[in-house]
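Peer 1: for reference, the sequence and a predicted model appear below.
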Amino acid sequence: MQSRGGEIIEIRPGDVIYTPPGEWHWHGAAPDRFMTHIAMWEVDESGTSANWGEHVSDAEYRAQAQSASKEA
């Protein structure tokens, strides 16, 4: 998982992740693995739920993954 502009956070099976309202983030598998997840969210008084952003491009994902692997 990664918040826009933040560090990549490695998630393992069974981890619970909380993202606060308004935090723009994405999640996906490592380049050599797959991932599934269950998402639960609340709605506010007006019935508004999550704001789903655009998909992260393969190029953007790969650039972040390569940057993280160089730092490790």
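Peer 2: All right, it came through fine.

Peer 1: ranges for the helices of this structure?
Peer 2: 58-71 (DSSP state H).

Peer 1: which intervals of it have sub-threshold pLDDT?
Peer 2: Applying pLDDT under 70 to the chain flags residues 65-72.

Peer 1: let's see 80
Peer 2: Across the chain, the ranges flagged by pLDDT under 80 are 1-2, 20-22, 27-32, 37, 48-54, 56, 60-72.

Peer 1: may I have the distance across stretch 29-47, first residue to last?
Peer 2: End-to-end distance for stretch 29-47, by Cα to Cα, to the nearest Å: 31 Å.

Peer 1: identify all contacting residues around that stretch.
Peer 2: Residues external to stretch 29-47 that are found in contact with it (Cβ atoms under 8 Å, 6 or more residues apart in numbering): 27-28, 49-50, 62, 65. For every residue, glycine as well, the C-beta is placed using N, CA and C.

Peer 1: let's have the residues you listed in JSON lines, adding neighbour count and distance to Ile11.
Peer 2: Shown next, in JSON lines, are those (neighbours: other Cβ atoms under 10 Å; distance: Cβ to Cβ, whole Å):
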{"residue": "His27", "neighbour count": "15", "distance to Ile11": "7"}
{"residue": "Gly28", "neighbour count": "16", "distance to Ile11": "10"}
{"residue": "Ser49", "neighbour count": "9", "distance to Ile11": "22"}
{"residue": "Ala50", "neighbour count": "11", "distance to Ile11": "18"}
{"residue": "Arg62", "neighbour count": "12", "distance to Ile11": "18"}
{"residue": "Ala65", "neighbour count": "16", "distance to Ile11": "14"}
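
Peer 1: so which two of those residues are the farthest from each other?
Peer 2: Maximum pairwise distance among those (Cβ to Cβ): 30.0 Å, between Ser49 and Arg62.

Peer 1: ok, now which ones touch His25?
Peer 2: Contacts of His25 (Cβ under 8 Å, 6+ apart): 1-4, 6, 19.
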